[in-house]
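Engineer: Output the structure for:
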Amino acid sequence: MAESSAISRIQSGSRTANKQLKFIFGGVLIAAVILYLIISVIGSEGAYYKEVGEVQAQQAALMDRKVRVSGLVEITTVSWDPTNFNLDFTILDQRGTGEKLPVHFHGVQPDNMTREGSVAIVEGRLRPDGVLDADTLLLKCPSRYEEAPQEVKKIS
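Structural biologist: Coordinates of the predicted model:
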């Protein structure tokens, strides 16, 4: 009987070590998967934020890279094809340099697209012909969010 109890103790100790090894391996595997997901999301969603003038100046370096650009919508250039959901327009540099960037967007045209002073934030890839092929189009209209002027009372 002494021999059988010694064997069961040895087997019991190896089971505990085996469970600990499985727990450590599982933890490392889960941490590796989480790290991989974080790196892949950062790599795919990361975009360089540029002004229109910067994009024009660095056009060769930014070719086929994901770029995020902000600019004023040039209303006279807006061309909307509702049957194919194609929207073409040009954005102007907000710093007043006169630089322009043509944009092509496949999707629904925003309501305030043709409103004077609309600022577009577009994200996409720069094609070899210099057109930004936008995946994302956001519009903001600063006049809508401006605070009404406050009346100042003079105390005499």
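
Engineer: For residue 53, list the residues it contacts.
Structural biologist: With contacts defined as Cβ atoms under 8 Å, 6 or more residues apart in numbering, residue 53 is in contact with 93, 95, 97, 99. (Each C-beta comes from the backbone N, C-alpha and C, glycine too.)

Engineer: check which helix or strand covers it.
Structural biologist: Mapping residue 53 onto the secondary structure by DSSP states H and E places it in helix 52-57.

Engineer: Go through that helix and flag the buried ones.
Structural biologist: Residues of helix 52-57 classed as buried by neighbour count (16 or more other Cβ atoms under 10 Å): 52, 53, 54, 55, 56.

Engineer: ok now it, how far from the chain's centre?
Structural biologist: Average the C-alpha atoms of helix 52-57, do the same for its chain, and the two points are 19 Å apart (Cα atoms, centre = their mean, to the nearest Å).

Engineer: Can you give me the separation between residue 124 and residue 105?
Structural biologist: When Cβ to Cβ, to the nearest Å is the yardstick, residue 124 and residue 105 sit 8 Å from each other.

Engineer: what do you get for residue 23?
Structural biologist: Going from residue 23 to residue 105 by Cβ to Cβ gives 50 Å.

Engineer: For the two, indicate the residue with more neighbours.
Structural biologist: The neighbour comparison of residue 23 against residue 105 (other Cβ atoms under 10 Å) goes to residue 105, with 23 against 10.

Engineer: Show me what the helix or strand hosting the more buried one packs onto, helices and strands only.
Structural biologist: When secondary structure is defined using DSSP H and E, the element that contains residue 105 is strand 100-106. With contacts defined as 3 or more Cβ pairs under 8 Å, 6 or more residues apart in numbering; DSSP states H and E, the packing partners of strand 100-106 are helix 52-57, strand 66-81, strand 86-92, strand 119-126, strand 132-140.
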